[in-house]
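*Asks:* task: produce atomic coordinates for the following.
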Amino acid sequence: MRKINKILDLKQQLPDYRNGSVVSIDICKIRHTSVHYHADAVELVYCLDGQVDIHCNHEFITLKKGQMFTIDFEDVHCLYSSCDNLIVMLHINLKKVYIPWSYLQFVYFACEDSTCKPYQQAPLQQIKNLILSIAYLHSKKGALSEKECAAAANKIISILLNYFDWFNYINIYPNSNDEIRERFQAISSYCQTNFRRKVTISELAKTVHINENYLSQFIKKSPYGSFSNMIGYMRCFAAQSLLVTTDLSVIDISNRCGFSDDKYFYKHFKLAWGQTPSQYRKWFQNYIKVKDEIIAISKEEAHRIIEPYAAEYFSKLMLEVGA
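*Replies:* Now for the predicted structure:
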């Protein structure tokens with residue numbers, strides 16, 4: 001068997017959950033981070049000042065002052081900027097919140113300013129309020145109590161689930177009920193578990209106990225658009241790590257991730273990621289040539305910097321509420 005050479009050391013970054021806390025918070029200036037992922041944490045990036053670029057899976061996002069973006073667990077991502085900035089990065093341990101990990105491990109979140117729909121604007125603002133409050137109290141007190149951290153984390157997860165998981169992301173059923181949500185979750189979890197082998201829509205329909213034609217229409221209205229796109233996306237998601245970390249050929253990676261033919265791998269990867277597998281790999285090969293640089297900010301300095309942001313932000317918020 002041919003030896004597989006490592007191209008890039010894709011690191012599982014472990015957030016600093018001090019004293020067993022459910023949240024970890026960092027206030028820093030970002031120039032260039034490593035390429036990494038989090039095994040069981042959702043990351044919320046909030047730009048207080050300046051701007052920062054994020055490459056996360058298939059997305060290239062530029063966050064500007066006042067904007068935020070969520071990064072799911074296992075998402076391959078990096079942050080970089082040529083501009084001065086001030087960034088709050090909040091990580092929530094998904095294995096310690098009130099929703100079971102057995103459920104959350106199959107959920108995709110999509111919470112960002114650039115795609116926020118009208119019905120999502122108020123919930124998005126709530127999350128920003130919570131992040132800024134956590135950052136302010138953390139920098140002032142040095143550490144939040146375990147009870148305060150758990151309460152904040154659970155509030156954020158509740159908002160994300162109610163408004164920003166993929167089921168809600170395109171608001172396919174504005175008056176949806178729990179049964180429809182559970183159906184979407186069952187479909188997604190089954191495919192995420194079995195995508196490396198051949199899965200047919202007929203098999204899936206029998207598994208979730210619904211009519212095959214109805215299932216096809218149900219998926220068509222989802223963010224995936226079709227059953228083929230859904231399976232293709234999940235396979236491409238798995239393939240991206242191999243593209244970044246190994247010198248395996250595209251054909252080998254295609255086979256390992258469940259594609260019957262590498263031409264389907266190219267098709268689905270180009271559709272969802274906006275570039276070919278080789279282009280994706282090349283981007284990261286160039287990215288890692290730059291030295292990582294993250295400027296940490298002490299709690300004392302962070303409090304001094306954040307205090308005027310918090311005062312201005314919540315003052316404007318109170319005036320809007322009063323109006």
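*Asks:* quick check: longest strand of this structure.
*Replies:* strand 41-56 (DSSP state E).
*Asks:* and that strand, what does it pack against?
*Replies:* Packing partners of strand 41-56 (3 or more CB pairs under 8 Å, 6 or more residues apart in numbering; DSSP states H and E): strand 59-64, strand 68-71, strand 77-80, strand 85-93, helix 118-141, helix 299-322. (Each C-beta comes from the backbone N, C-alpha and C, glycine too.)
*Asks:* comparing these, which comes out most buried?
*Replies:* Across the helices and strands packed on strand 41-56, averaging neighbours per residue (mean count of other CB atoms under 10 Å) puts strand 85-93 on top, at a mean of 24.
*Asks:* what's the angle from that one to strand 41-56?
*Replies:* 140 degrees (axes from the mean of the first three to the mean of the last three CA atoms, to 10 degrees).
*Asks:* list the contacts of strand 85-93.
*Replies:* 15, 17, 22-30, 38, 40-52, 79, 131-132, 134-135, 153, 156-157, 297, 305 (CB atoms under 8 Å, 6 or more residues apart in numbering).
*Asks:* low-confidence ranges in the stretch 1-150 of the chain?
*Replies:* Residue ranges of the stretch 1-150 of the chain with pLDDT under 70: 1-11, 141-143.
*Asks:* what distance separates the start and the end of stretch 243-258?
*Replies:* 15 Å (CA to CA, to the nearest Å).
*Asks:* state the mean pLDDT of it.
*Replies:* When pLDDT is averaged along stretch 243-258, the result is 93.
*Asks:* what about I297, how many neighbours?
*Replies:* The number of residues packed near I297 is 18, by other CB atoms under 10 Å.
*Asks:* OK, contacts around it?
*Replies:* I27, C28, K29, L86, I305.
*Asks:* take those residues and write them to CSV, including distance to K198.
*Replies:* Below are those laid out as CSV (distance: CB to CB, whole Å):
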residue, distance to K198
I27, 48
C28, 45
K29, 48
L86, 49
I305, 54
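*Asks:* surely S226 touches K220?
*Replies:* Yes - in this structure, S226 is within contact of K220 by CB atoms under 8 Å, at 6.0 Å.
*Asks:* returning to that earlier point: which of the contacts of strand 85-93 count as buried?
*Replies:* 15, 17, 22-30, 38, 40-48, 50-52, 79, 131-132, 134-135, 153, 156-157, 297, 305 (16 or more other CB atoms under 10 Å).
*Asks:* about what we covered before: partner strands of the longest strand of the chain, parallel or antiparallel?
*Replies:* Sheet pairing of strand 41-56 (DSSP bridges) gives strand 59-64 (antiparallel), strand 68-71 (antiparallel), strand 77-80 (antiparallel), strand 85-93 (antiparallel).
*Asks:* which one of the helices and strands packed on strand 41-56 lies nearest to Y264?
*Replies:* Among the helices and strands packed on strand 41-56, strand 59-64 comes nearest to Y264, with 22.1 Å by CB to CB.
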